[in-house]
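Enquirer: after the sequence you'll find the predicted model.
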Amino acid sequence: MISFRKGLFMAVCDLRADPPSLDSLGGCVTGLIKLLVTLGGIAAVIVFLMGAFKYVTSGGDDKAVGEAKATLTWAVIGLVVIAVSYAVITLIGKLFLSGPDALLTFPNLMP
């Protein structure tokens, strides 16, 4: 389990620079945000599929259909929120900074 945690950390945060700089910290933040967006998207799709399964197996019961529709609605809202938040960060990075990930990174302040 320790090797998995270390492997996941190294996949998200590449802090092998000697000495670690603010660029490597910015890369860590960028990797973490991308990981969270990916996990959030996967979770939203799973919740959507659960809602679809509830809807299909509701058997015409009005209460079950209502619960399934609510689950589907919240899953779609979650996907939209995740997509819009990532799009806004990327858009700000492209328009005002040097690239799509520029908002998530820090300038190199080392001489």
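Expert: All right, it came through fine.
Enquirer: from here on, just use CA atoms for contacts and neighbour counts.
Expert: Will do.
Enquirer: hmm, who's touching stretch 43-57?
Expert: 64-65, 68-72, 75-76, 78-79 (CA atoms under 8 Å, 6 or more residues apart in numbering).
Enquirer: which among the residues you listed gets closest to residue 90?
Expert: Distance ranking of these against residue 90, using CA to CA, places residue 79 first at 16.5 Å.
Enquirer: now do the helix or strand where that closest one lies: which elements does it pack against?
Expert: Element membership of residue 79, judged by DSSP states H and E, is helix 62-96. Counting contacts by 3 or more CA pairs under 8 Å, 6 or more residues apart in numbering; DSSP states H and E, helix 62-96 packs against helix 22-56.
Enquirer: I'd like the average pLDDT over the helix it packs on.
Expert: Helix 22-56 comes out with an average pLDDT of 84.
Enquirer: and what of stretch 61-76?
Expert: Stretch 61-76 comes out with an average pLDDT of 94.
Enquirer: who touches it?
Expert: 44-45, 47-48, 50-52, 54-55, 58.
Enquirer: buried sites along it?
Expert: Buried residues in stretch 61-76, counting neighbours by 16 or more other CA atoms under 10 Å, are found at 64-65, 68-69, 71-72, 75-76.
Enquirer: of the residues you listed, just say which sits nearest to residue 95.
Expert: Checking the buried residues of stretch 61-76 one by one against residue 95 (CA to CA), the nearest turns out to be residue 76, at 27.8 Å.
Enquirer: great, nothing more from me.
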